[in-house]
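J.: no sequence for this one, just the structure:
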């Protein structure tokens, strides 16, 4: 059985590495880095990081049995020190995921009526982190340093994501599915299934 708790930990550390690289760049350019566009429509890098920070705290609360409280899912103001705020959110998920993320304990998520076994909820969180790691890397013009096995696991989860309006769209958890590229790999299929163009760049947001 796939250990999504461990995959989530590895992927979270990679996002943290990229966020620290962004902070270093922001220190050199007066904060312009945080205003860069990202593959997530209408979000700059700071917006994306606020979302990721909120999701980490929300899933940590869900693992503790407190996911039904909206306050845990609100996007915090991280502008003063984005990298520190994100690092604290990564630290917050480690213990509750280790204790509850691999089993059947129910996680309550913010979507009305959505309750999932811990192992399924952590798989979705891992998928979200993996794709956002790619988002961060593309935004920074860097490489995402995740083993191939990460994407092989991610694509299996991505294929299970529902395509209903509750889960897809501008205000939903995932973007609508895009057409597959000519050359499909676990990474490119994962990106396409979650609404990304594998060819996205700041200069070519549509990936042309």
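T.: Received, thanks. A quick note: this is a predicted structure, and the numbers were derived from the prediction, not measured.
J.: the longest helix that the chain contains: what's the following helix or strand?
T.: The helix spanning the most residues in the chain, taking DSSP state H as the definition, is helix 4-29. Next along the chain after helix 4-29, taking DSSP states H and E as the criterion, comes helix 45-63.
J.: let me know the angle separating whichever strand or helix holds residue 128 from helix 4-29.
T.: For residue 128, the host element (DSSP H and E) is helix 118-140. Using axes from the mean of the first three to the mean of the last three C-alpha atoms, to 10 degrees, the direction of helix 118-140 lies 20 degrees away from that of helix 4-29.
J.: angle of helix 118-140 against helix 45-63?
T.: Counting by the same axes, to 10 degrees, helix 118-140 points 170 degrees away from the direction of helix 45-63.
J.: other SSEs contacting helix 118-140?
T.: When contacts are defined as 3 or more C-beta pairs under 8 Å, 6 or more residues apart in numbering; DSSP states H and E, helix 118-140 sits against helix 4-29, helix 45-63, helix 82-100, strand 106-108, helix 148-158, helix 186-193. The way it works is simple: take the backbone N, C-alpha and C, and place the C-beta from them, glycine included.
J.: closest one to residue 121 among those?
T.: Put simply, out of the helices and strands packed on helix 118-140 the one that sits nearest residue 121 is strand 106-108, at 3.8 Å, with distance taken as C-beta to C-beta.
J.: mind checking how far residue 54 is from residue 177?
T.: If you measure residue 54 against residue 177 using C-beta to C-beta, to the nearest Å, the figure is 24 Å.
J.: one more: residue 95?
T.: Where residue 177 is concerned, residue 95 sits at a distance of 35 Å (C-beta to C-beta).
J.: likewise residue 91?
T.: Distance from residue 91 to residue 177, counting by C-beta to C-beta: 33 Å.
J.: about what we covered before: and of the helices and strands packed on helix 118-140, who's closest to residue 35?
T.: Closest approach to residue 35 among those is made by helix 45-63 (7.0 Å; C-beta to C-beta).
J.: buried ones in the closest one?
T.: Across helix 45-63, burial judged by 16 or more other C-beta atoms under 10 Å covers 45-50, 52-63.
J.: try stretch 86-104
T.: In stretch 86-104, counting by 16+ other C-beta under 10 Å, buried: 86-87, 89-90, 92-93, 96-97, 100-102.
J.: contacts for it?
T.: Contact partners of stretch 86-104, identified using C-beta atoms under 8 Å, 6 or more residues apart in numbering, comprise 3-5, 8-9, 12-13, 15-16, 19-20, 49, 52-54, 56-57, 59-60, 63-64, 78, 107, 117-119, 121-122, 125.
J.: what pLDDT, on average, does that stretch get?
T.: Along stretch 86-104, the predicted confidence averages to a pLDDT of 91.
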